[in-house]
Structure formats: C-alpha cells, structure tokens
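>>> predicted model, plus sequence, below.
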Amino acid sequence: MIEAEFRRPELRDQELISWYFRQYPSRSCDRTFANVFLWAKHYNVEFAEYKRTLLFRDNSAGYGFAFPAGEDEDVRNVIPELVNQAKEDGERFCLYGITKEHMEKLEMWFPKEFVCEYNRDEADYVYETEKLATLSGKKLHSKRNHINKFRQVHAGNWSYETLSGKNLEECFQMALRWRNENGCEEDEEKNAEMCVTLNSLRLFEELGLTGGVLRVDGEIVAFTIGEAVNDDTFVVHIEKAYAEVEGSYTMINQQFVEHELLGKYRYVNREDDVGLEGLRKAKLSYKPVFLVEKGYVTLANEQNTERHE
C-alpha cells in the first residue's frame, strides 16, 4: 500500500514540483508547476512525494494517476505499486496524460503489460518559434495578411509591451471585461478558465510567468501569458483578446513570440483544442510541426477481459 499524504499543491511547493519535472523534461503543457497549481482546484488534483518520485492524483473524473515525475529508475520501481494500489482500492488502474515517450518507457520496462488509448482532443499543438515570429512561407500567407491589415488599420496607434507589474492591473481589468462580454458565468469550463486567467495575473510574479500586451489607442486589447516547460519549449497557457478588434489575436501571438521567445526557445506549445472544432481549425491553421499526443494507460489484461465479457 502506498503510504503517502496527498494534498493540493500550494505556492510553497513550486521549487519541489519544478525540480521533479526537470528530472524528466517533457514538452507536454501538463508538466509545469503553474499549470498544475492553477488548475488543481478545478480538477481536484493532489500530489505526494513518494520514494523519490512525485505522484499526482486526479480526483475529478474517477480514479487515476499522472505519470510519476522523477528519475527513470525511481519511476520504474513505483509503477507496480500504483497497480497494486488500484487493486487494493477496488479500482481499475489508470494513468492519465500519458505521452508517447511515457508509453515507450512503460513498454521497455514492462513489455505488453499496458495499453494506451490516445485522445485527440487532449493533444498539444507545438510550433516552430521562428515560424510563429516571421509567419514565412505560403502556408502562413493568410496570417501575414491579417498582420499587415492590423498594422494598416491601426498605423501609429498600436504598440506591444512586455507584461509586467506596470500593466498587470490593466490586464486584470481587461480580463474582467472579457469575462463579462463572453458569457463566462453561464459556462462552467469558461468560468474555470477565467478563474485560472485571473489567478495567473494575481500571482504573475510569484509563479515566474512571462507575458505580453497589445495596445490600440493606448488601451489594452490583448494579452498572453506562459512559461518554459523545458529548455527548448515555451508553453502559452493564456491568450485573451477583444474579438471586435480584428486581427488582435493574430497580432498578440506574433508579437509575443517575436519579442519574448525568438532566439530563446525552439518550440512553442499552444496547448490543446479540447475538442472544439473552431479552436482546432484555428490551431491547425498555424501549421504545427508536431502534436504532443496524450492518452490513458490501463492494464492490457483488463482490456482483454472486457473484450470477452
């Protein structure tokens, strides 16, 4: 039995959790402290340090653990204990958010013992930083047109600046207005996302986040926030813009990458599309270089049992 005290992550856990994530670098947006901390309440995520690994348990959708964080040997040793714990609890064993790299390790350590079912809705979109900054090539021609139109319409009246303590309050007020205009109170997922957005602004400096701001006529019309997930990949967690300011989403995306990420990171992870057709179309239109596919791992023998029942 796993004897560990699970609890919700707090700000004071930032150094500990980040250290464990660095032991096995990933490009998944899930493997950052800010992402875990900001969404922990909504998804009822708890963590525990156990035998030189970090375990995460999601209590929102049944029984399941994330792939343990830590060095390979330690992670390998704890996997059978998670399997046994599920049996003791009378639950079906499940690991969530499993990438292909995770699955390769499981297959190497425990051949044919596990199966993974990938969920396309949870796949992260990863882009080349240079492409997002320059929008070069025929495939991104329409994006360049949006940028050029924005520059023409707002010539001399727009500006970009780094998100900092000087403009945090303005971003907070812009986010509140965006929430009111987009019906977030009536939509549970939208409301949860706005809570995360507002908390990321409240704790921007404490969480070590990076952001950018777009102004038109001196007013903030868009902002974006993210953080590094490893040495070569930056993940954009939040992007908000006024839809009535045509081209503002395209502009904040391009300007943020150009000013804050170009020359520092090879890739930009813009997270998943949660299965929304419009969002999927928008993310595909930027031509991702690859997807970080994620899925759910279960025991192979349980799959076989289900097929014969």
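Structure's in. What do you need?
>>> biggest helix in this protein by residues?
Taking DSSP state H as the criterion, the chain has its longest helix at helix 72-88.
>>> quick check: mean pLDDT across it?
Averaged over helix 72-88, pLDDT sits at 95.
>>> what's the distance between the residue nearest the centre of the chain and V45?
Centroid-nearest residue in the chain: C29, 3.2 Å away (criterion: C-alpha atoms, centre = their mean). According to C-beta to C-beta, to the nearest Å, C29 and V45 sit 14 Å apart. Where C-beta positions appear, they are placed from N, C-alpha and C, glycine not excepted.
>>> kindly report the same for E189.
16 Å.
>>> likewise L38?
10 Å.
>>> then T129?
Counting by C-beta to C-beta, the gap from T129 to V45 is 29 Å.
>>> quick one: which of L38 and V45 has more around it?
L38 (22 against 19; other C-beta atoms under 10 Å).
>>> which strand or helix spans the more buried one?
helix 33-43 (DSSP states H and E).
>>> convert that helix to CSV, retaining C-alpha atoms only.
Extracted in CSV, the C-alpha atoms of helix 33-43 (Å, rounded to 0.1, in the frame of the first residue of the first chain):
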residue,chain,number,x,y,z
PHE,A,33,4.2,24.0,-11.8
ALA,A,34,2.0,26.9,-12.8
ASN,A,35,-0.3,24.6,-14.8
VAL,A,36,-0.6,22.1,-12.0
PHE,A,37,-1.1,24.8,-9.4
LEU,A,38,-3.6,27.0,-11.2
TRP,A,39,-5.9,24.1,-12.3
ALA,A,40,-5.6,22.0,-9.1
LYS,A,41,-8.8,23.2,-7.6
HIS,A,42,-10.9,22.8,-10.7
TYR,A,43,-9.7,19.2,-11.3
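>>> for that helix, enumerate the helices and strands it packs against.
Counting contacts by 3 or more C-beta pairs under 8 Å, 6 or more residues apart in numbering; DSSP states H and E, helix 33-43 packs against helix 14-23, strand 45-50, helix 188-202, strand 233-241.
>>> please list all residues in contact with A66.
A66 makes contacts with 30, 55-58, 95-97, as judged by C-beta atoms under 8 Å, 6 or more residues apart in numbering.
>>> could you redo the last one with a cut-off of 6 Å?
Contacts for A66 were tallied using C-beta atoms under 6 Å, 6 or more residues apart in numbering; they are 56, 97.
>>> what about it, distance to K294?
Distance from A66 to K294, by C-beta to C-beta: 10 Å.
>>> which neighbours do these two have in common?
Contacts common to A66 and K294, judged by C-beta under 6 Å, 6+ apart, are G97.
>>> may I see the buried residues of the helix or strand encompassing Q173?
Q173 is located in helix 168-181, with elements delineated by DSSP H and E. By 16 or more other C-beta atoms under 10 Å, the buried positions in helix 168-181 come out as 168, 171-172, 174-175, 178-179.
>>> show me the contact partners of it.
194, 197-198, 201, 204, 220, 223, 240.
>>> quick one: buried ones out of these?
194, 197-198, 201, 204, 220, 223, 240.
>>> ok, E10 - how many residues close by?
Neighbour count for E10, taken as other C-beta under 10 Å: 9.
>>> return the most buried member of the helices and strands packed on helix 33-43.
strand 233-241 (a mean of 22; mean count of other C-beta atoms under 10 Å).
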